[in-house]
Each structure stands twice: as C-alpha cells, then as structure tokens.
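**Q** test case, fold it:
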Amino acid sequence: MHRRWAWLLGSAALLTAFGAGAAKIYRWTDRAGITHYGDHVPDAPPAAVKTIPVEGEPGAIARLRIENDGDRFLAFADNRLSGPIEVQLDFSRSDNVIGQPMLPARATVAARGSALVAVLSSADPERGFDFELQMESLPGDPNARPSNVDYLLPLQQAAFRIDQGYGGQFSHRDAQNRYAVDFAADIGTPVVAARDGVVMQVESDFDKAGLNLERYGGRANFVRILHEDGTMTLYAHLKSEGVLVRVGQRVRAGQQIGLSGNTGFTTGPHLHFAVQVNRGMKLESIPFRMIGPQGPLRISGG
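**A** Numbers count the residues shown, from 1 in each chain. Down below sits the predicted model:
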C-alpha cells in the first residue's frame, strides 16, 4: 500500500492570500569561535550578528496533515492564521480510494485550529490503494455576514488622494479587488486600522516592487484584520519592515498598524485598502462607507 500527498496554496491572484516574499538568516560566532546560522537572533546574542536576506516563496496559510488510522487515512487541515479559513481538499490522483465525505470536500477551520476534512479508505478492501491530494486554502469564514458600518480613513495625513477606485482598470477588475481603493501615500506614511478587529495575518519582509504581475502579483507587505462580523480589511503595499502589529493582536479603529510603502505589484507608493469576505472558496471585495476629514468619502470608479 502506498500513500502520497501534495498540497497547493490558495489562489495566487493579486491580493488573495499573500505569503512571505523574503526571509532572513542570521549568522553569528559564539565565544568558542564556532559560526552558527539560524532563522532568529539567539536569546543572548554576541556582539556581532549578521543578517543575510534570503529570497523565499509565499508561505501557505494552511497545512495538509495525513495520519494513518489502521486501514484508513485521516486528512486534516491545520490553520496557520489568527482567523478562520476555508479549505477544499481534492484528489490530484487516485487509485481504488474513496473519501468520506466524497472529494472535493470543504471545511472551515478556526483560528490556529485544525479540522478533519476527509477520511480516505480503500474502495475495494482486497486491493491496495494509492493517492495524491491537493488542498486549496482561503482566508475567511464563508458564513460571514457583513455589518452596516463606517470605516475610518486608513492613513494619517493632512490630505488624501485616491489614485484608483472601484473597478479601476489597472488592477481592480477581479472580484477580490473590484471594490478596493488605492490611496496615494508617501513611503513611511502612518497606516491606521479603519475598524476595530484582530490582526489575522501579516507580512513585512518583502522589499521589491514592479509591474511584473507574475512575479509580484501575489506578493507584498500587508496587514489583514478580522472583524467581528467575519469581514476582513486588507492594507497592502506596506514598507519593508513596515508592519507595526503582531498576529493575534487586538487593535482599535485609528490605531497605527504600519507604514505605507511601495512593495509588490505597483506603479508607485500607495496604500491598497479593501474590505473582503470569503464567499465559499472565493475571496471578494465589497463596497464600504468611509469617513474622511471632511465627512463621508466619495469613492468613484475608474
């Protein structure tokens, strides 16, 4: 009997589920003269610790875990985010194997939690079985019901300008960005939470930008905040090392969460802001009302 499995990340489309774009390796020499490498600074670092940037691939928001249970296999999804996600499990290849429930199967996984998605067993017990699995994952609870609320302007600056509004032809044409807004902002402009919530996901190590959609479309520095009604606000293109909150932290509307920047798929410095919901393995942006210095904002398309 053989068991094999594979996994896929969530959609790589623009701003779906950003992952790590860069990482760091630290190098130091201890008192005995031995050189060490690690992914974090030691608790009692020596005088000199060198940081070595390392280009990395986007990280998964969920992990597929397979456990052997006698003559069957249990397929679990482990959520790595501080907010709910939805996963969909399917066979990429199968021989004499059935799933309970039938695949493709979906499950909602609580923040930092795990869920049994399917039990796999032989269709014909007289023969062995072989399979490979793939799992897609997406932030958010598909049962979210957006509340009727006003959002604060997510930037601390005297004046503001919208560079791209609803349905913008440059990058706001797909469902997850259709109702996004790009605010012009110099690098280093304070970014604040537009609504109370819990920091669900962050990325701050990416340091590149450009117009290559394949290379930069799903990678940028960002903060994703979960709200009590299940909606999520996304603050993207932040400055490298420009995230000022931690995953799991509760924040208040108006609290600074980061610094605006110019990372990812972008023509120049700005803040990409969107309110998103999971509509059943499909991330969508939704229209929102926002209050600016002079009252309600008019957010036009184009």
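**Q** where does pLDDT dip in the stretch 1-150 of the chain?
**A** Flagging of the stretch 1-150 of the chain using pLDDT under 70 yields the residue ranges 1-28, 30, 32-59.
**Q** all the strands of it, residue numbers only.
**A** Listed in chain order, the strands of the stretch 1-150 of the chain (DSSP state E, counting those that start in this stretch) span residues 22-29, 35-38, 49-55, 62-69, 72-79, 85-95, 97-100, 105-109, 114-122, 130-139, 150-152.
**Q** would JSON lines of these with distance to Val275 be doable?
**A** Yep, even glycine has a C-beta here, placed from its N, CA and C like the rest. Supplementary listing: the strands of the stretch 1-150 of the chain in JSON lines, determined by distance: least, CB to CB, whole Å:
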{"stretch": "strand 22-29", "distance to Val275": "27"}
{"stretch": "strand 35-38", "distance to Val275": "39"}
{"stretch": "strand 49-55", "distance to Val275": "31"}
{"stretch": "strand 62-69", "distance to Val275": "23"}
{"stretch": "strand 72-79", "distance to Val275": "21"}
{"stretch": "strand 85-95", "distance to Val275": "18"}
{"stretch": "strand 97-100", "distance to Val275": "35"}
{"stretch": "strand 105-109", "distance to Val275": "20"}
{"stretch": "strand 114-122", "distance to Val275": "26"}
{"stretch": "strand 130-139", "distance to Val275": "13"}
{"stretch": "strand 150-152", "distance to Val275": "7"}
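**Q** which of these is buried the deepest?
**A** strand 130-139 (a mean of 22; mean count of other CB atoms under 10 Å).
**Q** that one to strand 62-69, inter-axis angle?
**A** With axes from the mean of the first three to the mean of the last three CA atoms, to 10 degrees as the basis, strand 130-139 and strand 62-69 are set at 140 degrees to each other.
**Q** so what secondary structure elements neighbour strand 130-139?
**A** On a contact count with 3 or more CB pairs under 8 Å, 6 or more residues apart in numbering; DSSP states H and E, strand 130-139 meets strand 62-69, strand 72-79, strand 85-95, strand 270-278.
**Q** kindly present those as a markdown table, with separate columns for distance to Gly230.
**A** As requested, the helices and strands packed on strand 130-139 are exported to a markdown table (distance: least, CB to CB, whole Å):
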| stretch | distance to Gly230 |
| --- | --- |
| strand 62-69 | 18 |
| strand 72-79 | 15 |
| strand 85-95 | 11 |
| strand 270-278 | 7 |
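**Q** to Ala144, which of those strands lies closest?
**A** strand 270-278 (5.0 Å; CB to CB).
**Q** show me what the closest one is packed against.
**A** Checked by 3+ CB pairs under 8 Å, 6+ apart, strand 270-278 has strand 130-139, strand 181-184, strand 232-236, strand 283-285 packed alongside it.
**Q** picking that back up, which of the helices and strands packed on strand 130-139 sits closest to Pro104?
**A** strand 85-95 (4.0 Å).
**Q** convert that closest one to CSV, retaining C-alpha atoms only.
**A** The C-alpha coordinates for strand 85-95 follow below in CSV (Å, rounded to 0.1, in the frame of the first residue of the first chain):
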residue,chain,number,x,y,z
ILE,A,85,-10.0,29.9,6.8
GLU,A,86,-11.8,27.7,4.4
VAL,A,87,-10.1,24.8,2.7
GLN,A,88,-11.0,22.5,-0.2
LEU,A,89,-9.5,19.0,-0.5
ASP,A,90,-9.4,17.0,-3.7
PHE,A,91,-7.6,14.2,-5.3
SER,A,92,-4.9,15.1,-7.9
ARG,A,93,-4.5,11.3,-8.5
SER,A,94,-6.3,8.3,-7.0
ASP,A,95,-6.5,4.6,-7.4
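**Q** about what we covered before: looking at the helices and strands packed on strand 130-139, which is nearest to Val149?
**A** strand 270-278 (9.5 Å).
**Q** quick check: mean pLDDT of that closest one?
**A** Computed over strand 270-278, the mean pLDDT rounds to 93.
**Q** now do it against strand 130-139, angle only.
**A** 120 degrees.
**Q** how far does strand 270-278 sit from the chain's center?
**A** With CA atoms, centre = their mean, to the nearest Å as the basis, strand 270-278 stands 12 Å off its chain's centre.
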